[in-house]
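A.B. asks: A structural model of the following input is requested.
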Amino acid sequence: MQPEERQARIEAYLLKAEFASLEELAQISGASISTVRRDLALLEQGQRIRRTHGGARSLQPPKTDEFVFNVRDTHQVAEKEAIGAAGAALVQPGQTVIIDSGTTCFHVARHLGERVGQVITNSLPVANLFSGSNRLEVHLSGGVIYPRLGTLVGPHATETFTRTHADVAILSASGIAEDGIYSSHALIVDIQRAMIAGSGRVIFCLDHTKFGRRSTFFLSDFSGVDVIVTDAGAPADLVAGLRRQGLEVILAGH
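C.D. replies: Down below sits the predicted model:
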């Protein structure tokens, strides 16, 4: 691939995702990290992107709403509400809970109320939801704000969760198949893996549109996952396959 073509691909990806790690850009461009660094330096000189610690961000308005929290939260709202109630019911009073930054996880947080003892999150919407509570202790990770998504990402966010232990982790993802769980963003993958490793019980909350979907990045197999909470629209064959692997699969509303 010629440098101009590679740089155009990097710029186009940043325009869509708005923020990406060096590893992610290396993967989508098929280049080494050192080559990507040189490309980013040239793009930055043209004032098209800005380099950040471990990655880069676009300086142009994004042309997609794929990653926007408020837009994504208008999709499958009824299903997410049902999943949120079912996921919250799995958390015991007084437990410490890690809550991921996905929109479905936000619906779980809405149903938790103040029953839990502590919440640890990298989600600004989740932290804001509990910010007025006098009874609940909220820990917000460090990191760089992923624009428009309200999520803290990067090495500081990952480090927070490598040093944290919780009774339960509530996570979401972009896809789930019989071989494991997938994410659409490399920066979030590292954080979610740390969340899984630091939790006694791991619950993934995924609406039916995520089933049978393999996104860009493989997040995890099922060895560290305890429960999948979904809705009645999830394909029966895949649900049965997950149960055969020993996973507890809860169909919200059933």
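
A.B. asks: going forward, measure contacts between C-alpha atoms and count neighbours the same way
C.D. replies: Noted.

A.B. asks: Please give me every residue in contact with I83.
C.D. replies: Contacts of I83 were listed using CA atoms under 8 Å, 6 or more residues apart in numbering, and they are 104, 107-108, 205-207, 229-231, 251-252.

A.B. asks: ok, 6 Å please
C.D. replies: Going by CA atoms under 6 Å, 6 or more residues apart in numbering, I83 touches 230, 252.

A.B. asks: Would you agree V168 falls within a strand?
C.D. replies: Yes: counting by DSSP: H, G, I helix; E, B strand; the rest coil, V168 is part of a strand.

A.B. asks: quick one: it and R201 touch, right?
C.D. replies: Yes: counting by CA atoms under 6 Å, V168 does reach R201; the two are 4.7 Å apart.

A.B. asks: ok, the two, which is more surrounded?
C.D. replies: V168 (23 against 18; other CA atoms under 10 Å).

A.B. asks: who touches that one in this structure?
C.D. replies: Per CA under 6 Å, 6+ apart, neighbours of V168: 97, 199-202.

A.B. asks: Looking at strand pairing, list the partners for it.
C.D. replies: With DSSP bridges applied, V168 shows beta-bridge pairing to V97, R201.

A.B. asks: With adjacent residues omitted, what lies nearest to I33?
C.D. replies: Closest residue to I33 apart from its sequence neighbours, by CA to CA, 6 or more residues apart in numbering: A26 at 5.6 Å.

A.B. asks: What residues sit buried inside stretch 155-170?
C.D. replies: 155, 157-162, 165-170 (16 or more other CA atoms under 10 Å).

A.B. asks: Likewise for stretch 136-155?
C.D. replies: 136, 138, 140-147, 149-155.

A.B. asks: Pull that stretch out as PDB, backbone CA atoms only.
C.D. replies: Output in PDB follows, covering the C-alpha atoms of stretch 136-155 (Å, rounded to 0.1, in the frame of the first residue of the first chain):
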ATOM      1  CA  LEU A 136     -23.700   5.300  46.800                       C
ATOM      2  CA  GLU A 137     -19.900   5.500  46.300                       C
ATOM      3  CA  VAL A 138     -18.900   6.100  42.700                       C
ATOM      4  CA  HIS A 139     -15.400   5.500  41.400                       C
ATOM      5  CA  LEU A 140     -14.700   7.000  37.900                       C
ATOM      6  CA  SER A 141     -11.600   5.700  36.100                       C
ATOM      7  CA  GLY A 142      -8.900   8.000  34.700                       C
ATOM      8  CA  GLY A 143      -8.300   8.200  31.000                       C
ATOM      9  CA  VAL A 144      -9.000  10.300  27.900                       C
ATOM     10  CA  ILE A 145     -12.600  11.200  27.100                       C
ATOM     11  CA  TYR A 146     -13.700   9.400  24.000                       C
ATOM     12  CA  PRO A 147     -15.500  12.400  22.300                       C
ATOM     13  CA  ARG A 148     -19.300  12.200  22.100                       C
ATOM     14  CA  LEU A 149     -19.400   8.700  23.600                       C
ATOM     15  CA  GLY A 150     -18.800   9.900  27.100                       C
ATOM     16  CA  THR A 151     -16.300   7.000  27.800                       C
ATOM     17  CA  LEU A 152     -12.900   7.200  29.400                       C
ATOM     18  CA  VAL A 153     -10.300   5.200  27.400                       C
ATOM     19  CA  GLY A 154      -6.600   4.700  27.200                       C
ATOM     20  CA  PRO A 155      -3.800   3.300  29.500                       C
END
